[in-house]
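Visitor: I would like the atomic coordinates for the input below:
(2 chains)
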Amino acid sequence: MSQRQVLQVFEQYQKSRMQFVQTVAELASRPQNIETLQNAGVMSLLRPLLLDVVPTIQQTAALALGRLASYNDDLAEAVVKGEILPQLVYSLAEQNRFYKKAAAFVLRAVAKHSPQLAQAVVDCGALDALVVSLEDFDPGVKEAAAWALDYIACHNGELSQAVVDAGAVPLLVLCIQEPELAVKRIAASALNDIAKHSPELAQTVVDAGAIAHLAQMILNPDAKLKRQVFSALSQISKHSVDLAEMVVEAEVFPAVLTSLKDPDEHVRKNATTLIREIAKHTPELSQMIVNAGGVAAVIDYLGDSRGNVRLSGIMMLGYVAAHSENLAMAVIVSKGVPQLAICLAEETEDHIRSATAWALGQIGRHSPEHARAVAMANVLPRLLAFYMDAQSSDDLQAKAKKALKSILQKCTYVPALEPLLHEAPSNILKHVICQFSKVLLHDSKARRLFVTSGGLKKVQEIKAEPGSLLQEYINSINNCFPEEIVRCRAVCVLLRRKPSYHVSCGTGTVKLLGKQF
Amino acid sequence: MYNLAANFRLAACRHHGNARTRSDMARLEWLQRQIEGIKEEHVIENRYVIALVEHSAAVRLQSWFRGCQVRARLRLLHRKATIIQKVWRGFRARNQFRQMVKVSLLFRPNKIFLLIQRRWRGYYVRKYIHNYYALKRYLEGLTIKNEQVRKDLEEFAELQRREMERLAREREGQRKCLQAQRLHFLLSTEQCPGVFNSPYRDFPHEMELRLRSIKPLLAKNAPLRRDSGGSPACSLPPVPSKKPQGPFRDPAEVLQQRYRPLEPTLRVATSITALEEAREELRREEWRSRVIDDIFQPFSNAHKNRKYERTLHGTSSYEQVDYGTKYFREENKEKRQGEKPFKTVFTTDHVFDKFGQFYSSAGKIV
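Guide: Below you'll find the model as predicted:
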């Protein structure tokens, strides 16, 4: 046998390994092949290939493993149990950039499934290697490492703390300043996932100087980057007043409002979420947003969008209105109530409806003026319908009831109260009657209207337990009218089946009222 | 007096009669000299009358001056009196007011208290609790600001939309341009109208105009199509599974031929640096397989071939060269050079390379 023939054997072996790994990697990219591959024992075959002498085979094997692991958590667990991770981590520090990328991909694919798997990745010492890769010269490696850190940190506070302890945050902040968009995006996303767990973690991110760089990127034309930036800023500002103030001090404000008109839906949603997270903390921050014209912009945004993305805008209006009377007035003046009424009518999902009901309740609960503005948008019958509807969720019913109650306790707008008198159940009726008793005592015109519209008759029909609060209110209403009218009405109620009598009696009362008042 | 007047009249008459005469001039001088005397005479005559006139004038002056003096004093006295009156009246009025306040406090204290309370409450509430007018102003301002923000955002959105439309238009234009470049062969000619230039229509299709304005895509500039990147077998017709009826070859044979590995000629298969490589390989082989570094020398005449070995101290890499000691110039240059340069590459006979490799059996005859 000549030398060439001997070498040919090796060459063939290498070629077949290469072919095998490439084919497996390609097959693993389709979900329908995964089961078959798993049953064929692909894991045990790929593992030795990770230690192959040829770098290309190593990389492709890592790629195939990553694709398998990202498919489901069973396969990811198989990767962990196969003791593959230490090899990867070891070679992450040693090998060339292609291999680094592939190894970081496997780590990411394993870590993304569950906190336990992410913990397994952390336990094998991946964090230090990943943090070192963040300093790599190649942007692709940086991206892959930041992505893996992102997936590790997104599960819970302890894992995020581990990522922070490994010293990743300053490097991620450096990654934000890279010129490559992909690196920026992933780094912003990683900071977002670190900051979202606790105020301390968010403070760490802020201490690394992330806010200034994030705020600079608000006006970036890339939509995906903007999504991540707004998300990160909102996760930072959601924790405490101080953090929210720091975000505001980075002069995000007029710039955020322009993003509410962005063509990308998620950018708009995340921008609204940021405004909401800032507005919810204190009246001062809310006032700042109102003065910057944020409320008008958010109301416009509610008009532009449909469905789930409206939720954060609705909640933002609710938070602003909840802080103080003047802020609620500002929401009303910015034409927020009709927009919320439209949302309440258009949306079909219960959680958005309940958020809208809550926001309306927050606007209407301050004073009669506020309640009047809410009642004039004709939302009370709709709220009542949601409360009465057996199909609406418990949360929606509770929110609708609370909103109705808080609005009715301030409402003195009689045309809105009238229909409720006929439809409302007793626990709502109590508040309606209470409001009537207060209004009728002072307003003679309303008294006249109350009789002619049949309200007094309705009041006589209510069966209240003697001595109850409801009965007291009814009595005080009756005391507002002369004895004869009340008695006449009572008789009418008794002889309800004779409409002719009822009509004549009605005209009689009007005449009588004309004399009396 | 009358004496003087009569004299004067007389003189005037004379003067009037013959004023040009010399005697008249002399007379006038005389008369003038006389006037002083007449004046003195007159004063002495009327001294009592003059004294009377002067006296009355003096009295008049004195009365005017004294009147002024007295009036000034009266004015001064009036001013003083006003001051006294002012102070006294103020004193009286203040006393009276105090009395009045004391009385009203004694009998109707609530009104004052209410007044103070009202003022204070108004001030306090406006400052700390709720200022209606301030709120109204603020809300008006807010409405204006909201309008402005809405307008700005609308403008911004409009700008963005236009920018996106522009980009889309540009992309569309590029796409159409590329398509036109690809379809350039459909351009109509003088003789024959193209597909886009139907003679049944009034005006040619938009594409026709674009075809006219654009240059065709050159073959080297044409973007690669994805499907043409595969093996040349893609463009070949499919091989049937069964042997079709007729003078056709067996499908297995066809397939074998189609997927026959490339067999290049010896010349193509050989590397251009094959000679150097072979030499290098030989050298390496020799180095690898050599057991002893000492060159094998024949036994006879060994002393002639022995090379001088220096001592370790005297060892130097700079060996003595022959140039300069044995010779200075190349001798017999012409003798060494041949007529033609040495040929390293030979022409090959292609006929032998192709033997038995042709598809057709006709080739085998060669």
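Visitor: At the geometric centre of the chain, which residue sits there?
Guide: With no chain named, the answer covers chain A. What sits nearest the mean C-alpha location of chain A, by Cα atoms, centre = their mean, is A:S312, with 5.5 Å.
Visitor: other chain: chain B
Guide: In chain B, the C-alpha nearest the mean C-alpha coordinate belongs to B:L159, at 18.4 Å (Cα atoms, centre = their mean).
Visitor: Need the phi and psi values for it.
Guide: phi -60, psi -50 (degrees, to the nearest 10).
Visitor: ok, back up a step: average the pLDDT values over the strand or helix carrying the residue nearest to the centre of chain A and round to the nearest integer.
Guide: In this structure, A:S312 sits in helix A:310-323 according to DSSP states H and E. Summarised as a single mean, pLDDT over helix A:310-323 is 95.
Visitor: That helix near chain B anywhere?
Guide: No - Helix A:310-323 is not in contact with chain B by Cβ under 8 Å from any Cβ of the partner chain; minimum separation 12.3 Å. Every C-beta, even on glycine, is put in place using the N, C-alpha and C of the backbone.
Visitor: So what touches that helix?
Guide: A:269, A:272-273, A:275-276, A:279-280, A:282-283, A:286, A:289-290, A:295, A:298-299, A:301-302, A:305, A:327-328, A:330-331, A:336, A:340, A:343, A:347, A:351-352, A:355-356, A:358-359, A:362-363 (Cβ atoms under 8 Å, 6 or more residues apart in numbering or on different chains).
Visitor: Out of the residues you listed, which are close to chain B?
Guide: Filtering these for proximity to chain B by Cβ under 8 Å from any Cβ leaves A:V290, A:V295, A:A330.
Visitor: Now these in CSV, please, with extra columns for distance to B:Q179, pLDDT and secondary structure.
Guide: Listed next are those as CSV, based on distance: Cβ to Cβ, whole Å; pLDDT from 0 to 100; DSSP: H, G, I helix; E, B strand; the rest coil:
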residue, distance to B:Q179, pLDDT, secondary structure
A:V290, 53, 94, helix
A:V295, 49, 94, helix
A:A330, 55, 94, helix
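Visitor: For the closest residue to chain B within chain A, list the residues it contacts.
Guide: Nearest to chain B, among the residues of chain A, is A:G293, at 3.1 Å (Cβ to the nearest Cβ). Under the criterion of Cβ under 8 Å, 6+ apart, the neighbours of A:G293 are A:L257, B:K145, B:N146, B:Q148, B:V149, B:R150.
Visitor: Of those residues, which is the nearest to A:V248?
Guide: The closest of the contacts of A:G293 to A:V248 turns out to be A:L257 (Cβ to Cβ; 13.1 Å).
Visitor: the domain parsing of chain A - what is it?
Guide: A:14-166, A:443-517 (automatic domain parsing).
Visitor: what's the span of the longest one, first residue to last?
Guide: Between the opening and closing residues of domain A:14-166 lies a distance of 39 Å (Cα to Cα, to the nearest Å).
Visitor: ok now it, how far from the chain's centre?
Guide: On the basis of Cα atoms, centre = their mean, to the nearest Å, domain A:14-166 sits 32 Å off its chain's mean C-alpha point.
Visitor: close to chain B, is that domain?
Guide: No - looking at domain A:14-166 against chain B by Cβ under 8 Å from any Cβ, there are no contacts, and the closest approach is 14.9 Å.
Visitor: give me the number of residues near B:R201?
Guide: Using other Cβ atoms under 10 Å in any protein chain shown, B:R201 has 9 other residues around it.
Visitor: For it, what are phi and psi?
Guide: phi -110, psi 160.
Visitor: how far away is it from B:V195?
Guide: Plainly put, B:R201 is 12 Å away from B:V195 if you go by Cβ to Cβ, to the nearest Å.
Visitor: next one: A:A146
Guide: In terms of Cβ to Cβ, A:A146 sits 54 Å off from B:V195.
Visitor: same question, A:P199
Guide: 70 Å.
Visitor: And for A:P55?
Guide: On the measure of Cβ to Cβ, A:P55 and B:V195 end up 54 Å apart.
Visitor: Whichever helix or strand A:G140 is part of: which residues count as buried?
Guide: A:G140 belongs to helix A:139-153 when assigned by DSSP H and E. Neighbour-count burial for helix A:139-153, counted by 16 or more other Cβ atoms under 10 Å in any protein chain shown, picks out A:139-153.
Visitor: of all these, which comes closest to B:P341?
Guide: Comparing the buried residues of helix A:139-153 against B:P341 with Cβ to Cβ places A:G140 closest, at 53.8 Å.
Visitor: What residues does that closest one make contact with?
Guide: A:R97, A:K101.
Visitor: Give me the distance between it and A:A182.
Guide: To A:A182, A:G140 is 8 Å away according to Cβ to Cβ.
Visitor: Then B:Q96?
Guide: Distance, B:Q96 to A:A182, using Cβ to Cβ: 93 Å.
Visitor: The two: which is more packed in?
Guide: A:A182 (17 against 10).
Visitor: What parts of the stretch 151-300 of chain B come near chain A?
Guide: B:L153, B:E154, B:F156, B:A157, B:Q160, B:R161, B:M164.
Visitor: which of those count as buried?
Guide: When these are checked for burial by 16+ other Cβ under 10 Å, the buried set is B:L153, B:F156, B:A157.
Visitor: same question for the helix holding A:G140, mean pLDDT?
Guide: On average, helix A:139-153 scores 94.
Visitor: Would you mark the buried spots in the following helix or strand past that helix?
Guide: Sequence-wise, the next helix or strand downstream of helix A:139-153 (DSSP H and E) is helix A:157-165. Going by neighbour count (16+ other Cβ under 10 Å), the buried part of helix A:157-165 is A:L159, A:S160, A:Q161, A:A162, A:V163, A:V164.
Visitor: Thought A:D150 was touching the second one, still the case?
Guide: No - taking Cβ atoms under 8 Å as the definition, A:S160 is not a contact partner of A:D150, at 10.3 Å.
Visitor: which residues do the two both contact?
Guide: Joint contacts of A:S160 and A:D150 (Cβ under 8 Å, 6+ apart) are A:D193.
Visitor: then the helix or strand where A:T258 lies to CSV, C-alphas only?
Guide: Per DSSP H and E, A:T258 falls inside helix A:253-259. What follows is helix A:253-259, C-alpha atoms only, in CSV (Å, rounded to 0.1, in the frame of the first residue of the first chain):
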residue,chain,number,x,y,z
PHE,A,253,-39.3,63.4,27.3
PRO,A,254,-40.1,65.2,24.1
ALA,A,255,-38.3,62.4,22.2
VAL,A,256,-40.5,59.7,23.6
LEU,A,257,-43.6,61.4,22.4
THR,A,258,-42.4,61.4,18.8
SER,A,259,-42.0,57.6,19.1
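Visitor: who does that helix touch, helix- and strand-wise?
Guide: helix A:223-237, helix A:265-279, helix A:294-304, helix B:132-182 (3 or more Cβ pairs under 8 Å, 6 or more residues apart in numbering or on different chains; DSSP states H and E).
Visitor: Would you convert those into JSON lines that also reports distance to B:W120?
Guide: As requested, those are exported to JSON lines (distance: least, Cβ to Cβ, whole Å):
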{"stretch": "helix A:223-237", "distance to B:W120": "43"}
{"stretch": "helix A:265-279", "distance to B:W120": "36"}
{"stretch": "helix A:294-304", "distance to B:W120": "36"}
{"stretch": "helix B:132-182", "distance to B:W120": "18"}
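Visitor: Out of these, the one nearest A:P482 is which?
Guide: Closest among these, using Cβ to Cβ: helix B:132-182, at 37.3 Å.
Visitor: returning to that earlier point: show me which of the ones next to chain B among the contacts of helix A:310-323 is closest to A:E249.
Guide: A:V290 (17.8 Å).
Visitor: quick one: which of the helices and strands packed on helix A:253-259 is nearest A:A446?
Guide: Once those are compared by Cβ to Cβ, helix B:132-182 is nearest, at 24.4 Å.
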